[in-house]
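Undergrad: Pasting the sequence and the predicted coordinates here, then a few questions.
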2 protein chains.
Amino acid sequence: MKNVTLKQLRYFEALAHHGHFGRAAEACSITQPALSVQIKELEQDLGAILFERAARQVRLTTLGEAFLLRVQDVLRAVEGLGDLARASHTGLVGRLRLGVIPTIAPYLLPTIITRLSRAHGELDVFVRETMTPKLVQELLDGRLDAAIVALPIGEPSLVETELFSENFVLIRPRAEAGNPVPNGEELRRMRLLLLEEGHCFRDQTLAFCNIQSSLPRDGLDGSSLSTLVQIVDAGMGVTLIPEMAVSVETRAASVSIARFAEPQPSRRIGMIWRKTNPLGEQLMQVAEIVRQAGRQIRGQSS
Amino acid sequence: MKNVTLKQLRYFEALAHHGHFGRAAEACSITQPALSVQIKELEQDLGAILFERAARQVRLTTLGEAFLLRVQDVLRAVEGLGDLARASHTGLVGRLRLGVIPTIAPYLLPTIITRLSRAHGELDVFVRETMTPKLVQELLDGRLDAAIVALPIGEPSLVETELFSENFVLIRPRAEAGNPVPNGEELRRMRLLLLEEGHCFRDQTLAFCNIQSSLPRDGLDGSSLSTLVQIVDAGMGVTLIPEMAVSVETRAASVSIARFAEPQPSRRIGMIWRKTNPLGEQLMQVAEIVRQAGRQIRGQSS
DNA sequence: CATTTTTCATAAGAAAATTTTATCGCAACC
DNA sequence: GGTTGCGATAAAATTTTCTTATGAAAAATG
């Protein structure tokens, strides 16, 4: 059964339906001999007779009838393949494996997922939250389709598209609300709370203060922005958080929020994926949706 | 999606499995370009990209993965077609629509069905019990596969194969058990009970007595051998029944059973089917099973 | 950093398959 | 008994699919 063709199965179905070689051939837009030959070959491949050729009547054998049912299933399944492909033209289909860094994920994801499933109901979104190097590696390994990270990444086999920029704001205990806002240099001499090693946001903060990240520091390292804010709330220091995190993280804390003077510290957030990914166009659609989600969130918090 | 080939689907599966054009091609026993071309054509047919070709790695796209699942279903279903055909080589498969005349059916069918399902478990036997002309018609119309009738039929488009012969025996009230056994001529003058018009057994009985079947008769016509025997039991006449019916029909009646002198009245029972039926060989197998069933039954009643 | 290797895509010619046209043979129908 | 309808078969034409040869790009190697 190595040589069975879909063509043969289609012809078979037509002949079963019409019970007449000539008309079945016509329905298939071929000539009658072509049909005869293909049916004969199918029967030979199978080593069994599917049709009983009586004078003036072509009838399915018992085997033929059992066959017909299965063949129809097969043909229908093949049509289904076409449908699947067609559906993927229109929009995104299947599964999107999206990585997001931890300093973005909690604030952006709810909105992204809402918007994605509104725009592409057929899409299963699988989210991975981890730090940039891991995301990049998993992207390169093909275990992720795209990731939302801070730019630039500079990996040549990845495409980067910018989503938005976000400023960092200073979080201080409420008691210090009236104090002048320090600049980067002054922050170095304050008790500045940072995220653990590996978070890009830690490096971005340090860069603002002109501190070598490798230098030993006395500060407590928090595992999340949420933790940092709680420590500040306890009066044990100050910290920076991206403005997108402000409304969520300061809701339950009595801390003061201060913007820096221009040029404010900030970072560019973007989406990345493999250059070779043929679904680049669709990923661009996803990026656009994330962009809108970002706008919406920054609109709410301002 | 009119031009998708099973070949393409098989190649697709191989490539998905190996993730490497060269090795997949080898697995398919073709060269790498042939595979490349077919995959490309499949993708074009579908209007969608199934594989992401990265340097040193060929990976399924999200769509490709969804595809793979369906494609495997299709390929498996096609293999199933082959299995079905192969199964039909070995023995009978599917459905056997068998017609049987009423004067045979009750006595032979239980044994036939037992034996058939023992020999061919996959076979669904559908039985139709009616008189010869209807059976022949339904056979010719393709609504039956075979029929068990009294020979000869003489329909040129049907094959006949003899199964066995059976004698007719005389059934009389027990009171008449001692009387001499009449011959055909003498029967004409007795109160001979017959089946209704249309039963071949009626005609066979009349032929034995040299009676024109069209002649008006005073006798009561019974609708089954069972009925006839009951009427005899009530002392209202005598009748003939095929020996195969004896043990069943006389079990609950107090009648006497008498064999005729040679040449005993008898009939040939055979199986018939369309000459054009390509399953003739299998039907011959069925005939053989019926033959054995007949032997078994006559063995019991003797 | 240049060279070689690996790997997929493409092109051209060869082989195989499918299809069409033409024709035959059989059985039904008039 | 000729005619017609229908499927099978044969030969030729066409299309499809394959192989061989080659190209191009990225990765591995020295």
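TA: Received the coordinates, thanks.
Undergrad: what's the neighbour count on A:Val156?
TA: Residue A:156: Pro, not Val. Residues lying near A:Pro156 (other C-beta atoms under 10 Å in any protein chain shown) number 6. In short, each C-beta sits where N, CA and C put it, glycine included.
Undergrad: Assign it to helix, strand or coil.
TA: Following DSSP: H, G, I helix; E, B strand; the rest coil, the label given to A:Pro156 is coil.
Undergrad: A:Ala77 is in contact with B:Leu69, isn't it?
TA: No - counting by C-beta atoms under 8 Å, A:Ala77 stays clear of B:Leu69, with 10.8 Å between them.
Undergrad: Taking the stretch 101-250 of chain A, what residue is nearest to DNA strand D?
TA: Residue of the stretch 101-250 of chain A nearest DNA strand D, by C-beta to the nearest atom of the strand: A:Ser157 (5.9 Å).
Undergrad: continuing past the helix or strand hosting A:Val149, what's the next helix or strand?
TA: Secondary structure assignment for A:Val149, by DSSP states H and E: strand A:146-151. Using DSSP H and E, the helix or strand that follows strand A:146-151 in sequence is strand A:158-173.
Undergrad: tilt between that following strand and strand A:146-151?
TA: Relative orientation of strand A:158-173 versus strand A:146-151 (axes from the mean of the first three to the mean of the last three C-alpha atoms, to 10 degrees): 60 degrees.
Undergrad: Any idea what the residue positioned nearest the centre of chain A is bridged to?
TA: By C-alpha atoms, centre = their mean, chain A has its centre lying nearest to A:Leu96, at 3.3 Å. Beta-bridge pairing of A:Leu96, defined through DSSP bridges, involves A:Val125.
Undergrad: hang on, isn't it packed against A:Arg128?
TA: No - assessed by C-beta under 8 Å, A:Leu96 is found out of contact with A:Arg128, at 11.1 Å.
Undergrad: which of A:Ala77 and B:Leu69 has more neighbours?
TA: Taking neighbours as other C-beta under 10 Å, A:Ala77 and B:Leu69 compare with A:Ala77 leading, 17 against 9.
Undergrad: Whether whatever helix or strand that one lives in contacts chain B - can you check?
TA: Taking DSSP H and E as the definition, A:Ala77 sits inside helix A:62-90. Yes - shown here: helix A:62-90 in contact with chain B (C-beta under 8 Å from any C-beta of the partner chain) through A:62-63, A:65-67, A:70-71, A:73-74, A:77-82, A:84-86, A:88-89.
Undergrad: out of these, which are buried?
TA: Among the residues of helix A:62-90 next to chain B, those buried by neighbour count (16 or more other C-beta atoms under 10 Å in any protein chain shown) are A:62-63, A:66-67, A:70-71, A:74, A:77-78, A:81-82, A:84-85, A:88.
Undergrad: quick check, nearest of these to B:Ser226?
TA: Of all those, B:Ser226 sits closest to A:Thr62, with 33.0 Å by C-beta to C-beta.
Undergrad: Leaving out the residues flanking it, which one is nearest to A:Arg53?
TA: Distances taken as C-beta to C-beta, 6 or more residues apart in numbering or on different chains place B:Thr276 nearest to A:Arg53, at 6.5 Å, with adjacent residues excluded.
Undergrad: List the contacts of that neighbour.
TA: Going by C-beta atoms under 8 Å, 6 or more residues apart in numbering or on different chains, B:Thr276 touches A:52-55, B:157.
Undergrad: now do 7 Å
TA: By C-beta atoms under 7 Å, 6 or more residues apart in numbering or on different chains, the contact set of B:Thr276 is A:52-54.
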